[in-house]
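[1] Model the structure of this input:
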Amino acid sequence: MGKKKKKAPIVIKKDYSMLAVLGIFSVLTFIIYSNTFSSPFVLDDFKVIAENSAMQTNAIFTNVNLHRYVGTASFALNYRISKLNTFSYHLTNSIIHILNAFLVFVLFRKIYAYVRNEPINNSTNLISFAIALIFLVHPIQTQAVTYIVQRYTSLAALFALVSLLSYFHFRTSAPPRYIFFCISVVSALLAYKTKENTATILLMLIVMELLLFKGTTLSVKKRIVLVLPFVLLVAVIPAAFLNLHQMAEKSLSSLMSELKESSMETPQISRSQYLVTEMSVIVLYMRLLVLPMHQSMHYLYPFTHSFFQLKTFLSFCLIMAVLVSAVILAKKYKEISFGIGWFFIFLLVESSIIPIQDAVFEHRLYLPSIGFISAGVVILFQILRKFNIRIFLGVIVLISVLLSAATYVRNEVWHDEITLWKSVLARFPQNYIAHSSLGSGYAKMKKWDEAIKELNVAIKINPEFAPSYNNLAISYTYTNRSEDAMKSYHKAIEVRPDYVKAYYNLASLYYQQRNLQEAFLLLNRAKTFNDKHPMVNNQLGRLYCQMGNYEKSFALLNEALSVEPDNTNIHYNMGICFMKSGKTHEARSHFFEILELDTHDYECYYFIGLSYEKEKNVAEAVNYYRLFISKSPDETANVRDAKSRLSALGGLVK
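    Below is the predicted model of the structure:
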């Protein structure tokens, strides 16, 4: 028998074209996320974007010490482009995701070529492309990409990747190119100002120094100097939680106390309790990365009370086994150890001793998943290359196709709040937050019966969750069940005595019933919990105006406008109060301001006409009364009054 002919190895062209890789990633992303570009705002999107008046002003750009400033400023830019049309927000998120996958490809092929002490070749290109591709199409990323507000996560990852890539380029260039070091530092700063989980960039740099650059001639002292700027810049994260204007007036112990409080999202969960809970959470994260089935927007994960619970202890053992393996493999397979280190380091902020109200959220895996995927791909490559490289390539293609299909299907649940929360309840039927949120979603669609049903289910499961009562009361109000609404609001306040929203809503209900005294008491009570709440001050200002106390009214309304300068309701109350006090010119300026913010608020034309009439400016009064009548679709009391005034002024009504 003759010698068995060796199979020729697969030859991939000398190098991947950067443009081709970017093109492949772009096409894939737009295919698997094509069903999300018209998805509406959901959950925190409203608080951060849709209902955030700061989005409408330039003030958001100048407040650099703002918590998560860079991400919030990016939302404000989207608002400038398309207001509340979500297409531009989704498009931006998708572009960020594409760039992140591309940066993963570039970074890891440089690292693997360096570790192997060889030029970038077919295998480094193939492995790095596989890592970036799986990261791109994995359904676990949908929450960070499709959920608009989680741009905080993906944008922070973008800056972190740029920082690490630039640092690596700086450390491997000869002579050292300090421009890349500067880019790395600036990118780290931008990451810190986008989301706090990137604080561990400096730990990744230390891992790079100890694992990848271990044999370099650079002294320990010089290495410390290189990492020092990243350590110092982390201070911008806690600084964002402090009032810098008052820092000089506070003692060191007071500042430390503030920092301690700001590092705990909820005081109800201790640091030790959160830590032991996160051990099983990390194992859940690993399972989701390997087998992304039964995903959920909200897990309502139970907190563990003891390290010695079987689930917790076994999770700890598994985590330790993975970490020990990383140490053992560090000498021969640095790429695998680096990936494992990456995974745990970028989970550190959100899965350690900083208590967060929710133990599990899938978007927290966005940046850490890169390390997990990279380690998994390298292990798979090392196993399959012994047989045939084509098998590895075929497995990667199969995995990518399956993950892409899963991502497209997963994105279907983001169609709206109803589909989203129904998908949660399909997995967790006893999730009271999901029932409450589903009820709130139905209420926004004015499906009151469905809303009331879901909110009552939420209350039955957990009678101590105040938002359920508040949303139930709103539903009762719109179905003319005022007495039931009042009972629900009072129950919300009983369950949560500092619930300002419930106080304000209940006060509004009393106001509609002309019970001004009760409304006044409730609003003042709410003000003790939050004296800067714009809608509380707005409603109080309105009440003081009706009482004839204009000085107090203007003070409260101005305070409300200082917080929400583009709130048309506050401008309206200010305009009415100026009219009542005889200051027609000032009143008119507020009605014109409303028209700039909302060109369809035709009622303003009536009040502008009224202000001109009071000033004896008949021509302008007639002009604005006619404009008001022509634009108003309904025969309201003000339309009838405008016609009557036009007739009295000698104007012709068409």
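
[2] Determine the set of other helices and strands touching the longest helix along the chain.
    Selection of the longest helix in the chain by residue count, based on DSSP state H, yields helix 87-115. If contacts are counted by 3 or more C-beta pairs under 8 Å, 6 or more residues apart in numbering; DSSP states H and E, helix 87-115 sits against helix 18-32, helix 69-82, helix 122-137, helix 142-145, helix 151-172, helix 334-345. Bear in mind the C-beta positions are built from the backbone N, C-alpha and C, glycine included.

[3] just so I know, which of those lies nearest Y625?
    In terms of C-beta to C-beta, the element of the helices and strands packed on helix 87-115 nearest to Y625 is helix 69-82, at 34.3 Å.

[4] separation between the closest residue to E362 other than its chain neighbours and M279?
    Spatial nearest neighbour of E362, chain neighbours left out: Q143 (4.3 Å); criterion: C-beta to C-beta, 6 or more residues apart in numbering. From Q143 across to M279, the span is 22 Å (C-beta to C-beta, to the nearest Å).

[5] just I131 next, same as before
    Per C-beta to C-beta, I131 is found 26 Å from M279.

[6] Please identify which of those two sits among more neighbours.
    Taking neighbours as other C-beta atoms under 10 Å, I131 and M279 compare with I131 leading, 29 against 22.

[7] On the pLDDT front, check that one for me.
    Here the pLDDT value assigned to I131 is 97.

[8] Single out the most deeply packed of the helices and strands packed on helix 87-115.
    helix 142-145 (a mean of 26; mean count of other C-beta atoms under 10 Å).

[9] Could I get the average pLDDT for it?
    97.

[10] outside of that helix, which residues touch it?
    Helix 142-145 is contacted by residues 33, 36, 93-94, 96-97, 150, 153-154, 157, 295, 297, 361-363, 366, 407, 410-411, 414 when judged by C-beta atoms under 8 Å, 6 or more residues apart in numbering.

[11] repeat that for 6 Å
    N93, H97, Q150, T153, S154, E362, H363, Y366, R410, N411 (C-beta atoms under 6 Å, 6 or more residues apart in numbering).

[12] try stretch 26-43
    With C-beta under 6 Å, 6+ apart as the test, stretch 26-43 has contacts from 50, 86-87, 90, 94, 97-98, 146, 404, 407-408, 411, 414, 416-417, 420.

[13] Only whichever of these are buried, select them in ChimeraX.
    Buried residues among the contacts of stretch 26-43 (16 or more other C-beta atoms under 10 Å), as a ChimeraX selection:
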select :50,86,90,94,97,98,146,404,407,408,411,414,416,417,420
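
[14] Nearest to R645 among the contacts of stretch 26-43?
    Closest to R645, out of all of the contacts of stretch 26-43 and judged by C-beta to C-beta, is A50, at 37.6 Å.

[15] list the contacts for that closest one?
    Neighbouring residues of A50 by C-beta under 6 Å, 6+ apart: F41, L84.

[16] go on, Y79?
    Applying C-beta under 6 Å, 6+ apart to Y79 gives the contacts M55.

[17] before we move on, back to that, how about JSON lines for the helices and strands packed on helix 87-115, with distance to N530 added?
    Shown next, in JSON lines, are the helices and strands packed on helix 87-115 (distance: least, C-beta to C-beta, whole Å):
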{"stretch": "helix 18-32", "distance to N530": "42"}
{"stretch": "helix 69-82", "distance to N530": "21"}
{"stretch": "helix 122-137", "distance to N530": "42"}
{"stretch": "helix 142-145", "distance to N530": "30"}
{"stretch": "helix 151-172", "distance to N530": "24"}
{"stretch": "helix 334-345", "distance to N530": "38"}
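
[18] Many thanks, we can stop here.
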